[in-house]
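J.: Here is a sequence together with a model predicted from it:
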Amino acid sequence: MRKRLSAVLISALALSACGSGGDDSSDGAAAASCAPSSGPVTITYTTWIPGIENVVKAWNDKNPTIQVKVQTGPNGNGGTYQNFFNQLKAGNPPDLGHIEYDALPSFRVQDGLLDVASCDIVAQAKDQFIPWTWNQVSFGDEKSAWGIPQDSGPMALFYRADLFEKNGIAIPKTWDEYAAAAEKVKAAGGYITNFSQSDINQFAGFTWQAGGRWFANDGQQWTVNLTDDKTKKVADYWQSLISKKLVSTVPPWTTEWDNAYNSSSAWTWVSAVWGANSIMSGAPRTAGKWRVAPMPQWSAGENVAGNWGGSATAIFKNSKHPYEAAKFALWLNTSEEALALLNKEAQLYPATTAGTTYSYLANPVGFYGDQKIYEVFAEAATKVTPDFTWGPTMTSTYANASDGFKAAVSGKGTLSDALAATQKSTVETLKSQAIPVKE
Amino acid sequence: MTATTTPPVRQRVLPMLVMAVCTVYFLVPIWWLFVGASKSSEQFTSTAPLWFADFHLIGNIGDLLAYRDGLFLRWLLNSLLYTGGAALLGTVLAAMCGYALAKYRFRGRELLFNVVLSGVLVPATALALPLFLIFSKVDATNTFWSVFLPSLVNPFGVYLARIYATASVPDDLLEAARIDGSGEIRTFFTVSTRLMLPALVTIFLFHFVAVWNNFLLPLIMLSDERLFPVTLGLYTWNTQVNQIPELRGLVIVGALLSITPLVIAFLLLQRFWRNGLGAGAVK
């Protein structure tokens, strides 16, 4: 009982802090919280980026007074986020943590993060980032930043140029054309794409592009809106493709999924920039036959992209060396050296404006018929709408939506039904965690 | 051995059929794992999952052992230390405790035994988070000891050891040893443990499997990948498959290699285990 009460208090405090923005804290106190330490320091950084040791080594070699120690674990939802929460409870979180954009609000609500906008060097670096990525860490509040953007996942259309050409189908520029093409692809014996039944994040990317806004926070209360018109439009669109059996529906990240692409059964994939690597390794037999085009649009002539994935480097509240941590995080996420290494080791796509134009992203890619595919994504990165906000309980929202989507795919209910049910359960989850929510 | 009577054929068919179905059910995943581990990553998705394509097992193992300077070998070694070490030491502790409860009369003996026994009911998973908070207090998380020390405890082993010691170590023998001038500890290690050996092997195996399968504790405690046991390491890789699809092949080969020690341990020790279980049961 007592524990519960304190949890309520903490969330309430977190939100009121959230609401008052930076106004209450005097600038002096804020600056002091991000003062350089005297003497050499060692900071800890927990992340699951593959090959991060090599990136950190490049920093450690040049910065003997700020040594970074890497800690690792499974990906965020696989256990590392829970570990962060445990460590926050025990008072021993690392200085820096890898947190995906959609998980950042839950750490904010638990009051686990340092507002890095209080660090001068971070505030000065703000303009280097693509504005929408900065919004993912500031939650739309000019004066705050709850982490430093690391990578992004602008979306585009991967398609099988050879199959489209052979069957005389034009590359769809709008979602209407995409649905029309789906019929023709079906007639030619394929599926236009695979609707990832259990991965709600792709659907979130579609919604992001269409202008749906699932969550909002006015500083006092959260608003949950999984059933707005835009979201409904996207849900109905995909529901119609599923009902007409124009798309396959195998689960993502499985061998079946790989096989759908490897065997030329699925012809396109509307996915994020990192998807380039998924196809490359999952469908080696289709090498040279893929191309990339901008994402289909809801109205002809528009140019809007969605985003799927991306993460931030956050500094935990009790860090003893926030200045050094911020300095390292900025190097990691803005310097050409680090970004090139991150791209080489883990295919991370940068969140900075300059990053998208660096030379390592300018090369033609053999798997894509020597197309310079990253030019398409660099363009898309600037076309992502800036004001999409994630909620503080995404794990349960995803789980509920994913259950509903799986049912819809097997013919029980529709995607809209699933979203309506998720809307209800999300509001309940927020309430059960004593997070104020508007109904 | 008493003479066993053979039941009529019809009565044997059904059990055999059930056993056969179970055997297939349990062996198919292992077969799949073996076949999968022998394929190149390209053929893995494009060929029949339950039959061989080109045989690449040796090359795959080579890739796995070479990946990140043999990190996988280090994980295997860690697992062996955590599991083997904890099982060995834990068995000795459980045996001593069970033996003492069986052979010495002292106040509160039954109470103590009941407290230990109630520990059987508490799943290791439920203790992981409290243990993490305790180890945090003494700044010992993310160390070898944070996984090793909690793994030593085995209430079920104490229970088995007590039952078995009561049944297999005669009081007269201990009396004789005392008269001959042997100290209690010496008697325990030279006389009693030999009599209890089948039970000790059983306890060791149970403990080994329990520690091997206790995934949550290292997941919560450890953040230095050089301390990971192989289960946590493979799981970590598996969660990164989205980013580095090549890891999938390594995870499959790694899973095959990581079950090998368990299979060997069972094949070698199953004889003892059967004996131990049987002896415990008739008591």
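T.: Thanks, I have the structure now. Numbers count the residues shown, from 1 in each chain, chains lettered A, B, ... in the order given.

J.: Chain B contacts on the stretch 151-300 of chain A?
T.: A:253, A:255, A:258-259, A:262-263, A:274, A:277-278, A:281-282, A:284-285 (CB under 8 Å from any CB of the partner chain). In this view, the C-beta of every residue, glycine as well, is placed from N, C-alpha and C.

J.: repeat that for 6 Å
T.: Within reach of chain B by CB under 6 Å from any CB of the partner chain, the stretch 151-300 of chain A has these residues: A:253, A:255, A:258, A:259, A:262, A:281, A:284.

J.: Between all of those, which two are separated the most?
T.: A:253 and A:284 (16.6 Å; CB to CB).

J.: what residues are up against the residue in the stretch 151-300 of chain A positioned nearest to chain B?
T.: Here the residue of the stretch 151-300 of chain A nearest chain B is residue A:281; by CB to the nearest CB that distance is 3.6 Å. By CB atoms under 6 Å, 6 or more residues apart in numbering or on different chains, residue A:281 lies in contact with residue B:245.

J.: again, 8 Å this time
T.: B:41, B:245, B:246 (CB atoms under 8 Å, 6 or more residues apart in numbering or on different chains).

J.: With residue B:197 instead?
T.: Applying CB under 8 Å, 6+ apart, one finds that residue B:197 lies in contact with residue B:272.

J.: ok, it to residue B:191 distance?
T.: According to CB to CB, to the nearest Å, residue B:197 stands 11 Å off from residue B:191.

J.: same deal with residue A:216?
T.: Distance of residue A:216 to residue B:191, given as CB to CB: 75 Å.

J.: Next: residue B:100.
T.: 15 Å.

J.: counting contacts, what elements does the longest strand seen in chain A pack onto?
T.: Counting residues, the longest strand found in chain A (DSSP state E) is strand A:148-160. Secondary-structure packing of strand A:148-160 (3 or more CB pairs under 8 Å, 6 or more residues apart in numbering or on different chains; DSSP states H and E): helix A:131-138, helix A:200-210, strand A:268-272, helix A:275-282, strand A:290-294, strand A:307-315, helix A:322-334, helix A:373-382.

J.: export the ones you listed to TSV and tack on mean pLDDT?
T.: Below are these laid out as TSV (pLDDT from 0 to 100):
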stretch	mean pLDDT
helix A:131-138	95
helix A:200-210	95
strand A:268-272	96
helix A:275-282	90
strand A:290-294	97
strand A:307-315	96
helix A:322-334	96
helix A:373-382	95
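
J.: which one is the residue nearest the centre of chain A nearest to, not counting chain neighbours?
T.: The centre of chain A sits closest to residue A:309, judged by CA atoms, centre = their mean, with a distance of 2.3 Å. Among residues not flanking residue A:309 along the chain, residue A:153 sits closest, at 3.4 Å (CB to CB, 6 or more residues apart in numbering or on different chains).

J.: so who does the one you found touch?
T.: Residue A:153 neighbours (CB under 8 Å, 6+ apart): A:205, A:272, A:273, A:274, A:307, A:308, A:309, A:310, A:349.

J.: Equivalent analysis for residue A:131, please.
T.: By CB under 8 Å, 6+ apart, the residues touching residue A:131 are residue A:386.

J.: Residue A:266 touches residue A:258, doesn't it?
T.: No: counting by CB atoms under 8 Å, residue A:266 sits too far from residue A:258 to count as a contact (10.3 Å).

J.: Now for the contacts of residue A:153, which sits with the most neighbours around it?
T.: Highest neighbour count within the contacts of residue A:153, by other CB atoms under 10 Å in any protein chain shown: residue A:273, with 30 neighbours.

J.: Run a quick check on that one versus residue A:158, I expect a contact.
T.: No: contact criterion CB under 8 Å: residue A:273 and residue A:158 do not qualify, at 10.2 Å.

J.: Residue B:78 against residue B:231, yeah?
T.: No: taking CB under 8 Å as the definition, residue B:78 is not a contact partner of residue B:231, at 10.1 Å.

J.: Are there helices or strands packed against the least confident helix or strand in chain B by mean pLDDT, and which ones?
T.: Here the helix or strand of chain B ranked lowest by mean pLDDT, DSSP states H and E is helix B:41-46, holding a mean of 75. Applying 3+ CB pairs under 8 Å, 6+ apart, one finds that helix B:41-46 contacts helix A:255-262, helix B:247-282.

J.: Residue A:212: which of those helices is closest?
T.: When the helices and strands packed on helix B:41-46 are ranked by proximity to residue A:212, the top entry is helix A:255-262, at 25.3 Å, counting by CB to CB.

J.: tell me the average confidence for that closest one?
T.: Summarised as a single mean, pLDDT over helix A:255-262 is 89.

J.: How about it, which residues are buried there?
T.: Going by neighbour count (16 or more other CB atoms under 10 Å in any protein chain shown), the buried part of helix A:255-262 is A:255, A:257, A:258, A:259, A:260, A:261, A:262.

J.: Distance check, the residue in chain B sticking out farthest from the centre against residue A:148.
T.: Computed with CA atoms, centre = their mean, the maximum C-alpha offset from the centroid of chain B is found at residue B:179, amounting to 39.3 Å. Per CB to CB, residue B:179 is found 77 Å from residue A:148.

J.: Thanks again, I'm all set now.
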